[in-house]
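Pasted the sequence and its predicted model underneath.
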Amino acid sequence: MGLTPAQFARAAALEVDELRMRRLVRMSYGELHTLLSGDPAEAAEWVGSAAQCGVPAAQLRLGRMLLEGRGLPRDPAAALRWFTRAAERGDAQALNMLGRCCENGWGTPLDLQLAAVHYRRSAEAGHDWGQYNFGNLLFDGRGVVRDRCAALHWYLRAARQGHGRAMNLIGRCLEQGWGCPRSQADAQYWYRRSAESGYFRGQYNHALVLLECGLAAAAAEWFWKAASEGDADMQRAILATLAGASDSALLRVRSRVAALRPD
């Protein structure tokens, strides 16, 4: 009994995948990294073949491409399936992406409790974004019982890996006494570290600290970095903060930020 056209097409596709996989396993790490992380349109077929053959990194990359519509038509439901396959093999980044899908309703109904489960598994596996995202759910009490002390614990774990957003939130917790005793000095330390990591909200908060200390020139530099890296809301916040400024360095920054905001 012969193959149906559909069966033949699937067999042919599997053979192509296998041939690509044989080439993939002969590549050096550098060649493989370049191929799988390169231009999405050029990498799509190779990423798909590697994903089909069970490579978690490729499954994660394919999921991201499908989620964002880069190199392939956007398909959140298909992205979710690939994240699931990678997560089943213990991939911490894929577990974090499953959490994001559940938190935002990407390819699946919104489910904050399930998002927390995935984020926690990612966090416990040591992934900084999983730690940060699980901390956010704990901080706000979404999908889990609100526990700002536990949230701070996970922010600290992420910050130790260089996560700038987590550093900024540690600063906020210490400044406001959320889940810990207040400590302005420690808050300033974490704002500075967040700023130096390149996170625009950390840069803004660090600039505020410098401004309060009378260091206008240094504050002006960080305000400009925050405006350059940040979004429209950040630029508006900086303009409002500097509305009554009289220092020449701050006035120059205000003028430059205003030029970014034609409205």
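Here it is on my side, so go on.

So which residues of the stretch 51-200 of the chain form helices?
56-68, 76-87, 92-104, 112-124, 128-140, 148-159, 164-176, 184-197, 200-212 (DSSP state H, counting those that start in this stretch).

packing partners for the second one?
When contacts are defined as 3 or more Cβ pairs under 8 Å, 6 or more residues apart in numbering; DSSP states H and E, helix 76-87 sits against helix 56-68, helix 92-104. Using the backbone N, CA and C atoms, a C-beta is placed for each residue, glycine as well.

Same list, the helices of the stretch 51-200 of the chain, but as TSV with mean pLDDT, mean neighbour count and distance to Arg254 please.
Output for those, formatted as TSV (pLDDT from 0 to 100; neighbours: other Cβ atoms under 10 Å; distance: least, Cβ to Cβ, whole Å):
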stretch	mean pLDDT	mean neighbour count	distance to Arg254
helix 56-68	92	23	35
helix 76-87	97	21	41
helix 92-104	98	23	36
helix 112-124	98	21	39
helix 128-140	98	24	32
helix 148-159	98	21	31
helix 164-176	98	24	23
helix 184-197	98	19	19
helix 200-212	98	23	12
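
quick one, which of those helices is nearest to Ala219?
Checking the helices of the stretch 51-200 of the chain against Ala219 by Cβ to Cβ gives helix 200-212 as the closest, at 3.9 Å.

Next, the angle helix 184-197 makes with the closest one.
130 degrees (axes from the mean of the first three to the mean of the last three Cα atoms, to 10 degrees).

Please pull up the helix or strand immediately following helix 200-212.
Per DSSP states H and E, the first helix or strand lying C-terminal to helix 200-212 is helix 216-229.

which of the residues in that next one are buried?
216, 218-220, 222-227 (16 or more other Cβ atoms under 10 Å).

what's the average pLDDT for that helix?
Here helix 216-229 scores 97 as its mean pLDDT.

relative orientation of that helix and helix 184-197 in degrees?
Using the same axes, to 10 degrees: helix 216-229 against helix 184-197 is 50 degrees.

can you list contacts of helix 216-229?
For helix 216-229, the external contacting residues (Cβ atoms under 8 Å, 6 or more residues apart in numbering) are 195, 198-201, 203-204, 206-208, 210-211, 234-235, 238, 241-242, 245, 247, 249-250, 252-253, 256-257, 260.

what's near enough to touch Ser197?
162-164, 167.

ok, now which ones touch the residue nearest to the spatial centre of the chain?
In the chain, the residue lying closest to the centroid (Cα atoms, centre = their mean) is Trp129, at 6.1 Å. By Cβ under 8 Å, 6+ apart, the contact set of Trp129 is 93, 96, 122, 158, 163.

The nearest residue to Ala125 once chain neighbours are set aside and Leu208: what is the separation?
Closest residue in space to Ala125, ignoring its immediate chain neighbours: Ala92 at 3.7 Å, by Cβ to Cβ, 6 or more residues apart in numbering. According to Cβ to Cβ, to the nearest Å, Ala92 stands 34 Å off from Leu208.

CA atoms only for stretch 184-204, dumped as PDB, please.
What follows is the C-alpha trace of stretch 184-204 in PDB, where atoms were taken according to Å, rounded to 0.1, in the frame of the first residue of the first chain:
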ATOM      1  CA  GLN A 184      18.000  55.000  52.400                       C
ATOM      2  CA  ALA A 185      21.700  54.300  52.100                       C
ATOM      3  CA  ASP A 186      21.000  50.800  50.900                       C
ATOM      4  CA  ALA A 187      18.400  52.000  48.500                       C
ATOM      5  CA  GLN A 188      20.800  54.500  47.000                       C
ATOM      6  CA  TYR A 189      23.400  51.700  46.500                       C
ATOM      7  CA  TRP A 190      20.900  49.500  44.600                       C
ATOM      8  CA  TYR A 191      19.700  52.500  42.500                       C
ATOM      9  CA  ARG A 192      23.300  53.200  41.500                       C
ATOM     10  CA  ARG A 193      23.900  49.600  40.600                       C
ATOM     11  CA  SER A 194      20.700  49.500  38.500                       C
ATOM     12  CA  ALA A 195      21.700  52.700  36.800                       C
ATOM     13  CA  GLU A 196      25.100  51.300  36.000                       C
ATOM     14  CA  SER A 197      23.500  48.200  34.500                       C
ATOM     15  CA  GLY A 198      21.800  50.400  31.900                       C
ATOM     16  CA  TYR A 199      18.200  50.200  33.200                       C
ATOM     17  CA  PHE A 200      16.500  53.600  32.600                       C
ATOM     18  CA  ARG A 201      14.300  53.500  35.700                       C
ATOM     19  CA  GLY A 202      17.300  52.800  37.800                       C
ATOM     20  CA  GLN A 203      19.100  55.700  36.100                       C
ATOM     21  CA  TYR A 204      16.200  58.000  36.800                       C
END
